[in-house]
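**Student:** this is a predicted model, with the sequence first.
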Amino acid sequence: MSKQVVNYYENPKEIERKIWDLLTKAVSDRSSEFRTPVFICGNDKDLDGRVVVLRKADQQNNFIQYHSDIRSSKIDKIKKNPNCSILFYGKEEKIQLRIKAKCEVNFDNAITKESWEKTGHVSRKCYLVTYRPGTESDKPTSGLDGKYDNFDFTKEESELGYKNFCVIKCKIKSIEWLYLAAKGHRRALINLNGSKKFTWLVP
């Protein structure tokens, strides 16, 4: 737990700036602790969580997004209930972010085409699996056939994966920030529904 108190500790504007700075940098910084949050969706009878990779953070329009296989089981859950929770934690920063958002599944549109073009040759491998993620198998498998399993494919051949590629855009409704410090924790809620409201909370 940090014994040092950061300079934005009790400044709402600086806290929000710090939050978006962490999210924005995590998109390009593979070593960022905020790059791989836990995404939780479903309903009270079937909640489901998994780690995802942050691919975009847009403060002006209040959304973050990540990539997925359109055949994933979470897609059906999102379509039934677009509300989700996204959990971030940075051990070095001593910051936890709990984001509530509304999801939008983008498939074969301008958003997916832009994201696909930025997706590297190696990363496209994920979308070349023959069967949908989670399909039962009678043996250990990557789900990939032959050369795809050994990276023996060209970028042109990787285009086949686009048919399985989608982008989950998460429109943020609120961000709960928690900072851990030996001097005393601080916690606040930023409500982005309608007019922005900053509320201090007891940690």
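**Tutor:** Arrived safely.
**Student:** go through stretch 20-30 and flag the buried ones.
**Tutor:** 20, 22-24, 26-27 (16 or more other CB atoms under 10 Å). For glycine as for every other residue, the C-beta is placed from the backbone atoms N, C-alpha and C.
**Student:** quick one, strands of the protein?
**Tutor:** 38-41, 48-51, 56-58, 63-69, 83-90, 95-107, 165-179, 186-191, 197-201 (DSSP state E).
**Student:** and the ones you listed as TSV, adding mean pLDDT?
**Tutor:** Formatted as TSV, the strands of the chain follow (pLDDT from 0 to 100):
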stretch	mean pLDDT
strand 38-41	98
strand 48-51	94
strand 56-58	98
strand 63-69	98
strand 83-90	98
strand 95-107	98
strand 165-179	98
strand 186-191	96
strand 197-201	95
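**Student:** re the thing from before, ok, the buried residues of stretch 20-30 vs N193, which is closest?
**Tutor:** W20 (17.5 Å; CB to CB).
**Student:** from the centroid of the protein, which residue is nearest?
**Tutor:** L54 (4.2 Å; CA atoms, centre = their mean).
**Student:** list of residues touching the longest helix along the chain?
**Tutor:** When the chain is parsed with DSSP state H, its longest helix is helix 12-28. Contacts to helix 12-28, defined as CB atoms under 8 Å, 6 or more residues apart in numbering, come from residues 6-8, 32-35, 54-57, 59, 64, 88, 90, 93, 95, 97, 175, 177, 188, 190, 198.
**Student:** which of these are buried?
**Tutor:** For the contacts of helix 12-28, buried by 16+ other CB under 10 Å: 6, 8, 32-35, 54-57, 64, 88, 93, 95, 97, 175, 177, 188, 190.
**Student:** tell me the spacing between the nearest residue to G49 once chain neighbours are set aside and Y9.
**Tutor:** Excluding its sequence neighbours, the residue lying closest to G49 (CB to CB, 6 or more residues apart in numbering) is I40, at 4.2 Å. As for I40, its distance to Y9 is 28 Å (criterion: CB to CB, to the nearest Å).
**Student:** let me have the buried residues of stretch 20-30 in JSON lines, extended by distance to K80 and pLDDT.
**Tutor:** Below are the buried residues of stretch 20-30 laid out as JSON lines (distance: CB to CB, whole Å; pLDDT from 0 to 100):
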{"residue": "W20", "distance to K80": "30", "pLDDT": "98"}
{"residue": "L22", "distance to K80": "31", "pLDDT": "98"}
{"residue": "L23", "distance to K80": "27", "pLDDT": "98"}
{"residue": "T24", "distance to K80": "31", "pLDDT": "98"}
{"residue": "A26", "distance to K80": "29", "pLDDT": "98"}
{"residue": "V27", "distance to K80": "28", "pLDDT": "97"}
